[in-house]
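**Q** Pasting a predicted model and its sequence here:
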Amino acid sequence: MISVTNLTKIYDKQPAVDDVSFTLEKGKCIALLGPNGAGKTTTIRMMAGLISPSNGNVELQDLKVKDIRAHIGYLPQHPHFHSWMTGKEFLMYVGRLAHLSTKDAAARSEELLKRVGISDAKNRRIGKYSGGMKQRLGIAQALIHNPKLLMLDEPVSALDPIGRRDVLDLMEELKHETTILYSTHILSDAEEASDEILLMHKGRIVESGPLENVKKKHQVDKVSVRFSEQTEVYLKELEALDFVTRSETHKQTIHLYVTDIEAARDKILSLASQHKWPLQHFEIGQTKLEDLFMKVVNSDAMDDSI
Ligand SMILES: Nc1ncnc2c1ncn2[C@@H]1O[C@H](COP(=O)(O)OP(=O)(O)OP(=O)(O)O)[C@@H](O)[C@H]1O
């Protein structure tokens, strides 16, 4: 429905967003996930038409419109509200800015206040709203003109657990009405609310697709072992085993990524028993999306193995 092609933004000769292409399907909730500085805000702001790209474009596939801003709703990372206005006044004001008639703006404001669950507080000054209520009002203002795409920049990052839950639930409901693209640097927030993820690092999309597919793709069998002493000695022997593809050592625990989990379990346990290795911990598991995310967050240079 919405296609982003070769989108690039250069600041001070450095790419903040580097040749990014993706499409967003209608009715999906997509998380733009990545550590701080990955380029999420810059991507969203270019898509919202707030900054111009150095290269590339954003198109609504089913609508041949020159300016797609009329079809995009946007909630910035740090929204500004006039705290002296009531929630209803604010939505009316935004509705008028979106060229709705006074009558339509009033009707749409009432509808949205109900939709985001803050009807009871509509005549209260925004200054008295909680963080979660402000975010709900922010989502309502982004929906005022019935956009085809709703973009939310870090909508839950600044909220307490209750506000976060509230807003994630609201997004879950709203995705049946409009396509949602939201950015987050928190993996669990991406896993909770999205159908698809776009994982961004250093201005590039390094992984993308339906959440389940990405999870499966990064599920690798692993054996974790810890010895009471001389970790290095055992590490060499373990790394030499046929089925071990790579290893990582973290706080004295050796993580071995293996191609055959049964063979790995039998062989390692039999070696430990035969040679009386001082085995303290033995665990079989699988890598998760979290391992991929941590690898992205911690790596200075992305390598091809991701
Ligand atoms: N106006 C600007 N001028 C110069 N550099 C900028 C500008 N805006 C962003 N950048 C740089 O572009 C890179 C991407 O920033 P961006 O804000 O898009 O990342 P982000 O993923 O949204 O991170 P965060 O979660 O911290 O907001 C960063 O290195 C940032 O310093």
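**A** That came through, no problem.
**Q** residues touching L238, list them.
**A** L238 makes contact with V225, V244, S247, I254, L256, I268 under the criterion CB atoms under 8 Å, 6 or more residues apart in numbering. Placement of C-beta: from N, CA and C, glycine included.
**Q** residues near the fifth one, how many?
**A** Residues within reach of L256, counting by other CB atoms under 10 Å, total 22.
**Q** Quick check: pLDDT value at it.
**A** On pLDDT, L256 comes in at 93.
**Q** Now it. Its backbone dihedrals?
**A** phi -110, psi 120 (degrees, to the nearest 10).
**Q** Okay, and the beta partners of it?
**A** Applying DSSP bridges to L256 gives these bridge partners: V223, S247.
**Q** Touching, it and A240? I think so.
**A** No - in this structure, L256 is not within contact of A240 by CB atoms under 8 Å, at 11.1 Å.
**Q** which among the contacts of L238 are in contact with the ligand?
**A** Here nothing survives when those are matched to the ligand using CB under 6 Å from any ligand atom.
**Q** Switch those residues over to CSV, and while doing so, append distance to E177 to every line.
**A** Converted to CSV, these look like this (distance: CB to CB, whole Å):
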residue, distance to E177
V225, 50
V244, 49
S247, 48
I254, 49
L256, 47
I268, 52
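**Q** Next one, pLDDT for the closest residue to the ligand within the stretch 101-250 of the chain please.
**A** Distance from the ligand to each residue of the stretch 101-250 of the chain (CB to the nearest ligand atom) is smallest for H185, at 5.2 Å. In the prediction, the pLDDT value recorded for H185 is 90.
**Q** quick one, what contacts it?
**A** With contacts defined as CB under 8 Å, 6+ apart, H185 is in contact with L33, G34, P35, N36, A38, K40, E154, S157.
**Q** farthest pair in the residues you listed?
**A** A38 and S157 (13.6 Å; CB to CB).
**Q** Between these two, which has more neighbouring residues?
**A** A38 (25 against 13).
**Q** May I have the secondary structure class of the more buried one?
**A** coil (DSSP: H, G, I helix; E, B strand; the rest coil).
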